[in-house]
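Participant: Sequence isn't available, so here's the structure alone:
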């Protein structure tokens, strides 16, 4: 276990590596993990919030929604999450499979264990560690933080590594400064290396 408030033990994934992993998980029928990793990387939520999601949170009137509101457990802040079309497609696929098998319920958790309770973070961390090794996905100390950091890294890269994107991410992550966000998503050393390489 890392030191308290340490955010350097886990790295985010390269976005294409994450998409490749999703493709392989789907192909191999690991639908719960496929959906969890996709939601984790596209929503940027803490694992505790992700694991608390129910189907009723992400769908209404029999359809997957375009977004949903969630009250973050750690901060108590209410956030709106827009559901990316790729994730919407994943949710629709998994929902259809559950309906076909007779296991769907609006009140069910998105990521249940065999008893219908939400998965634990420790179980998910062990499962991610196993899957990353199995599919040879490179990540430093894979865990649920990897997914949140992947989201942050992607937002930063999609906005041309701008300070503005770090301000947005600081707000999303609830960080008190962009310096903390920069360290959290693991870009400090990368930026420094780029400075030397661009001389």
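Facilitator: Arrived safely. This structure is a prediction, so every number in the text was calculated from the model and none was measured. Numbering: from 1, shown residues only.

Participant: Could you list the low-pLDDT ranges of this protein?
Facilitator: Along the chain, segments meeting pLDDT under 70 span 1-9, 188-192, 195.

Participant: From residue 75, how far off is the residue most central in space within it?
Facilitator: The C-alpha lying nearest the average C-alpha coordinate of the chain belongs to residue 40 (Cα atoms, centre = their mean; 1.5 Å). According to Cβ to Cβ, to the nearest Å, residue 40 and residue 75 sit 18 Å apart. Glycine gets a C-beta too; all of them are placed from N, C-alpha and C.

Participant: Same check on residue 20?
Facilitator: Counting by Cβ to Cβ, the gap from residue 20 to residue 75 is 33 Å.

Participant: State the three-state secondary structure for residue 79.
Facilitator: Three-state assignment for residue 79 (DSSP: H, G, I helix; E, B strand; the rest coil): strand.

Participant: mind listing what residue 127 touches?
Facilitator: Shown in contact with residue 127 (Cβ atoms under 8 Å, 6 or more residues apart in numbering): residue 33.

Participant: in a strand, that's where it is, yeah?
Facilitator: No: counting by three-state DSSP, residue 127 falls outside a strand, being helix.

Participant: Show the contacting residues for residue 26.
Facilitator: 34, 90, 93.

Participant: Then residue 139?
Facilitator: With Cβ under 8 Å, 6+ apart, residue 139 has these contacts: 10, 11, 12, 13, 132, 146.
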